[in-house]
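> Have a look at this fold, sequence not included:
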């Protein structure tokens, strides 16, 4: 199974990531649960969010599936959050000819480096490319915190030109040189191994390995695939292709062309190779587990004809990132199911092994019983011989003969051929007062038939030898072999023992010994029954235990990955759909309320408010009359979202059409956020007081004919429309904003003033009358050069005398007196008098005043532009047109038998609007906390009765429980736009128990009084 992206995969993904992520802000960073190497980067823009999964050294892709994150981040993630959170991704580049991606944040303030190789790492760099933090310490690279990372420089982000891909002409001479080099290397290696005493197997270089070594950029998977297409096994020795250089040359040329086409193509599709699951059971498992994802490629993989039944190729259109995300996300979501499958197979094997072991035990007991019975029968059949053998030994014992002497006497008698002595086995067991006796076995019918068959076969073979003497030599050899086999079988039969050894107690008679064997057989039979009974119980316990372990594994809180649904535009606000199908919206903040008004509200829509300044909007896309039920439900919603809920005040709301609402005051100024002006107060309509009764329910999103898989066409167009309008709006605003910021403009002004102050001619009656020698030499130069060459001393004098009344004549005298004075002498004298310091202080004061004035002017212009922007925001051109009928077809309060569920959407709405909903609970003002209440709600829904056949609409269905199980309490809490609450669950005895306890207390008090 492929677990790491290749160099070709990374090149394609880097291009797509750059197009998708640049200019997005990094909203947050998380660890991914069950892995310390995986991270989730969440990027966002207004109305657009992207999630990127990064596995250190292995993979990176944008995901459309949820990832489960732990509650507390790791130290490395905390460091990343500290420096990168809310920073804009300004550039994303791949280091040329390397598997390294570099994310540049805030125009080079920070860098995030991702390395995708075996010893790869994730590193955070500062603006000087010094390492601030490492995901792990890799000894091979010796990267340490504080050191400079030198795998790239700033020139990587300066050039916008695409990377030039070098192409090679694969001539036959080049291929032959590669092969000759390998041949020479192997010749040298064989000579070294022959000289050395150690014998080692030399590794043979395959053709795939040689081509990958020489052209690594062509990707190992692509080379292997094209070799298989050409009918060449990739593991074939490369030296076998000496003389076939032209075939290898054409193959490499085709591979290079395909590689270049894959990189240059803007529209491509990916392919996933799936292997058939051996443990798949169609009765137990889902159909999705029939094939397991094995590999993925940007090119169509080649599968041999014999493997077509084992493998399946799945084509995925769109960006290559979608293929990678589908592959890894499906594997992760099916990980638990595949693990359970493996555990089931292992459990079945354990049960099978236990059964076979138990069968062996029972078989051993049965064999012992049959053996004892057989021995008892032998003793009865040979009772006289047994008695004679027993008497012979007993006589020797009665004569007080030594036991060793008895054994010697028996052995000598056996040599003489005494039949009674031959029956007795030596050594004797006289310590136990027992002897072993050999009794002859009776020939069973099976043995007799075997012997008869052997004789018949031998006779037939003899007759065949005589009759077929004219046959070929081959037939003679076959007959000879058959005769040899028959003889060997006879030898085996002859070598097999024809006697059985029986233990005889000298104190008992032959029949008493036989009865003893029968008693042992009976006890063995009883033991067998007990063992079988105990083993049967043990097997049941083992099976129950294994089933419990499997069920426990299945009930573990392993959350499967859920595909991220493209949310509807209204889900970021407080919303509900009335019983007549009208969409009701409420902003979570004054800014969101203005956003709803500016984007979606038309003149025929309804504006609703109350004395607590809570605003609710009712969309009327068909411009029809709003039904009273919808107005009443919107009134309940308006009052519940206000402070009336926490105060438990029953009040009434009022409504009017949106055409009677304005965002501008009487002087055409924009009102503050969440504040509106009613044009005509007489058009306001008062509602009756509203009861604060809300409910939490589940809407089901189903696939409709107009909807596309995983996308909402109209809602996507809404987002695109918003983005395009925002971009046009920003562009128009940026055209009005000067190219330089305020600080740059302010800093440029003092320089202009200083240049004007250096114009010494303005301080004299005639520009050339009191010119210094230096200025006389510059008369023939241009005006710009004259301005640049003005002396510091002359400027100082002009500054000192500027704006001083009554000193014009004195200045003339000074100029005549010091006309012959050079520049250096003039500076020395001014410095000695301390005049220059006063001039500098005066200049700094003037400069500071100028800066303040320019800053005030800049802020004033910015305020004016902001006001213009607000005015544009509430113009009719900013309205977004949404197809409200599509989501009405896709969202259902209860499912029908043919509906295909896409997702479940929780909704918080007035109780009267939830009458048709299947899953709902009533919520009223109270003192319970939200988290605990939502946990109780989910537990209640999962504990309800379920119809496994999905027929009864009144009961819950398995498909519904599957989606509800994936919901967390944290997903429901943001929907509750109220404070503390009180749940009213069906079949709940909370209120009843309280009432009963109260009655009991009152009864006790009345008894005491009596």
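Yes, it's here. These numbers were taken from a predicted model, which means no experiment stands behind them.

> and residue 668, how many residues sit next to it?
By other C-beta atoms under 10 Å, 8 other residues sit near residue 668. Yep, even glycine has a C-beta here, placed from its N, CA and C like the rest.

> Check the gap between it and residue 176 for me.
For residue 668, the distance to residue 176 equals 85 Å [C-beta to C-beta, to the nearest Å].

> got it, and residue 245?
Distance from residue 245 to residue 176, by C-beta to C-beta: 5 Å.

> Compare neighbour counts for these two and give me the winner.
The neighbour comparison of residue 245 against residue 176 (other C-beta under 10 Å) goes to residue 245, with 19 against 16.

> doesn't residue 180 make contact with the more buried one?
No. Taking contacts as C-beta atoms under 8 Å, residue 245 lies outside contact range of residue 180: 10.5 Å.

> Do me a favour and get the backbone dihedrals for residue 424.
phi -90, psi 130 (degrees, to the nearest 10).

> Tell me which residues touch it, please.
Going by C-beta atoms under 8 Å, 6 or more residues apart in numbering, residue 424 touches 389, 392-393, 410, 414, 435-438.

> Looking at these, which is nearest residue 911?
residue 436 (93.9 Å; C-beta to C-beta).

> check which helix or strand covers that closest one.
strand 434-440 (DSSP states H and E).

> Same check on residue 848?
Going by DSSP H and E, residue 848 is part of helix 835-873.

> what's the average pLDDT for the next helix or strand after that helix?
Next helix or strand after helix 835-873 toward the C-terminus (DSSP H and E): helix 884-890. Per-region confidence: helix 884-890 scores 82 on mean pLDDT.

> helices or strands next to helix 884-890 in the packing?
Helices and strands touching helix 884-890, by 3 or more C-beta pairs under 8 Å, 6 or more residues apart in numbering; DSSP states H and E, are helix 713-736.

> Let me know the average pLDDT across the helix it packs on.
Here the average pLDDT along helix 713-736 is 38.

> Next, the spatially most distant residue from the centre of the chain: phi, psi?
No residue in the chain sits farther from the centre than residue 399, which is 92.7 Å out by C-alpha atoms, centre = their mean. When read as degrees, to the nearest 10, the backbone of residue 399 gives phi -80, psi 0.

> With residue 904 instead?
According to degrees, to the nearest 10, residue 904 has phi -110, psi 140.

> how many other residues sit next to it?
Counted with other C-beta under 10 Å, residue 904 comes out at 17.

> Same check on the one 3 residues further on?
Neighbour count of residue 907, defined by other C-beta under 10 Å: 20.

> Just to check, it is in contact with residue 575?
Yes. The pair residue 907 / residue 575 is scored as a contact, 7.5 Å apart, by C-beta under 8 Å.

> related to what we said a few turns ago, ok, now how distant is the residue farthest from the centre of the chain from residue 434?
From residue 399 to residue 434 the distance is 19 Å (C-beta to C-beta).

> now swap in residue 44 and tell me
93 Å.

> what about the helices in the stretch 401-550 of the chain?
Secondary structure of the stretch 401-550 of the chain (DSSP state H, counting those that start in this stretch): helices at 403-416, 419-423, 445-467, 473-495, 510-555.

> and the ones you listed, which one's lowest on average pLDDT?
It's helix 445-467: among the helices of the stretch 401-550 of the chain, that one has the lowest mean pLDDT, namely a mean of 41.

> which residues are contacting stretch 304-314?
228, 271-276, 291, 294, 300-301, 303.

> give me that answer again for 7 Å
The contact list for stretch 304-314 (C-beta atoms under 7 Å, 6 or more residues apart in numbering) reads 271-276, 291, 301, 303.

> What residues sit buried inside stretch 427-437?
428, 434-435, 437 (16 or more other C-beta atoms under 10 Å).

> can you list the domain ranges for the protein.
Annotated domains of the chain cover 7-157, 574-700+884-984 [the TED database].

> Minimum distance to residue 835: which of these has it?
Among those, domain 7-157 sits nearest to residue 835 (C-beta to C-beta), with 44.2 Å.

> Span of the closest one from start to end?
21 Å (C-alpha to C-alpha, to the nearest Å).

> and if you look at stretch 611-623?
End-to-end distance for stretch 611-623: 27 Å, by C-alpha to C-alpha.

> what's the weakest-modelled helix or strand in the chain?
In the chain, no helix or strand scores lower on mean pLDDT, DSSP states H and E than helix 742-757, which sits at a mean of 35.

> where does the chain have low pLDDT?
Under the criterion pLDDT under 70, the flagged ranges of the chain are 139-141, 159-165, 193-202, 283-286, 336, 442-497, 553-560, 705-808, 867-878, 988-1010.

> all helices of the stretch 151-300 of the chain, in order?
155-158, 172-195, 207-214, 220-229, 245-264.

> by contact count, what packs against the longest one?
In terms of contacts (3 or more C-beta pairs under 7 Å, 6 or more residues apart in numbering; DSSP states H and E), helix 172-195 is packed against helix 207-214, helix 245-264.

> switch to 6 Å and redo it
Judged by 3 or more C-beta pairs under 6 Å, 6 or more residues apart in numbering; DSSP states H and E, the packing partners of helix 172-195 are helix 245-264.

> just the angle between the helix it packs on and helix 172-195, please?
Calculated by axes from the mean of the first three to the mean of the last three C-alpha atoms, to 10 degrees, helix 245-264 forms an angle of 110 degrees with helix 172-195.

> How about residues contacting helix 245-264?
With C-beta atoms under 6 Å, 6 or more residues apart in numbering as the contact definition, helix 245-264 has outside contacts at 170, 172, 175-176, 218, 222, 226, 230, 241, 298.
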